[in-house]
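>>> sequence-free structure coming up:
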């Protein structure tokens, strides 16, 4: 049997747990995962250049590369990078849509325009990424500057975890937002990645 061609997935660090689980469960020994720092979401203009550098570093070793990002606030710059290298990415605007599934995400978002979303990763690292990363802990007045147009926080959980649920509720309290919990799993992300792995295998 011919060994499958090695595949590199370049992902946002916020998706590392879900993707690593998928690779392990499916025993995809030919798939390697490398991630960019999730803190780049506070500086989305930096994602595309760092992604481009990562692709350049690895393209001589991997014929098959896939990008596990949405647009993620890059203003189309991520799409310009993947077009340059003829690489595909996950569908959708950001990780919330391909974790919850685009239809479910659109439904939740349309219910209330001022919705701030948390995933398992963001609930776990809320203080580091939001309170410290945006300096709200140091300058509380920044909360109103960043979140004045938001009215609720929706936690789209990937796993049933009481500790993460508590952290998400605490995050809503810190931002003075109404809290809702919508268990969504990560099936949509898994389906997209499985389809891409199979596409590489058949090419």
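Arrived safely, thanks for sending. Everything quoted here is computed from the prediction, not taken from an experiment. Numbering: from 1, shown residues only.

>>> can you classify the residue nearest to residue 101 when sequence neighbours are not counted by secondary structure?
Leaving aside its sequence neighbours, residue 101 sits nearest to residue 188 (Cβ to Cβ, 6 or more residues apart in numbering; 3.8 Å). (Each C-beta comes from the backbone N, C-alpha and C, glycine too.) Three-state call for residue 188 (DSSP: H, G, I helix; E, B strand; the rest coil): helix.

>>> so who does the most centrally placed residue in the chain touch?
Centroid-nearest residue in the chain: residue 95, 3.6 Å away (criterion: Cα atoms, centre = their mean). By Cβ atoms under 8 Å, 6 or more residues apart in numbering, the contact set of residue 95 is 12, 14, 15, 70, 72, 119.

>>> check what pLDDT it gets.
At residue 95, the model reports a pLDDT of 84.

>>> tell me how far it lies from residue 140.
Distance check for residue 95 against residue 140: by Cβ to Cβ, to the nearest Å, it reads 27 Å.

>>> what sits against residue 11?
With contact set as Cβ under 8 Å, 6+ apart, residue 11 has these partners: 19, 33, 34, 35, 36, 67, 68, 69.

>>> most neighbours out of those residues, which is it?
Within those, most neighbours by other Cβ atoms under 10 Å means residue 69, with 27 neighbours.

>>> thought that residue was touching residue 89?
Yes: the criterion here is Cβ atoms under 8 Å, and residue 69 meets it with residue 89 at 5.5 Å.

>>> helices of the chain, start to end?
16-25, 47-58, 77-85, 95-100, 102-111, 120-124, 126, 142-147, 162-174, 187-202 (DSSP state H).

>>> just name the most buried of those.
Most buried of the helices of the chain, by mean neighbour count (mean count of other Cβ atoms under 10 Å): helix 95-100, with a mean of 26.

>>> can you tell me the closest non-neighbouring residue to residue 169?
Using Cβ to Cβ, 6+ apart and skipping the chain neighbours, the partner closest in space to residue 169 is residue 179 (5.4 Å).

>>> my bad, residue 96
Closest to residue 96 by Cβ to Cβ, 6+ apart is residue 117, at 4.6 Å.

>>> kindly report the domain assignment for this structure.
7-95+186-202, 102-183 (automatic domain parsing).

>>> least reliable of those by average pLDDT, please.
When the domains of the chain are ranked by mean pLDDT, domain 7-95+186-202 comes last with a mean of 91.

>>> now residue 187: how far from residue 121?
Counting by Cβ to Cβ, the gap from residue 187 to residue 121 is 17 Å.

>>> ignore the last one, residue 167
Distance of residue 167 to residue 121, given as Cβ to Cβ: 11 Å.

>>> joint contacts of these two?
Common contacts of residue 167 and residue 121, defined by Cβ under 8 Å, 6+ apart, are absent altogether.

>>> returning to what we had before: overlap in contacts of residue 69 and residue 89?
With Cβ under 8 Å, 6+ apart as the test, residue 69 and residue 89 both reach residue 78.

>>> buried residues, stretch 59-71. List them.
Neighbour-count burial for stretch 59-71 flags 62, 64, 65, 66, 67, 68, 69, 70, 71 (criterion: 16 or more other Cβ atoms under 10 Å).

>>> same check on stretch 27-43?
Neighbour-count burial for stretch 27-43 [16+ other Cβ under 10 Å]: 28, 31, 33, 35, 36, 38, 40, 41.
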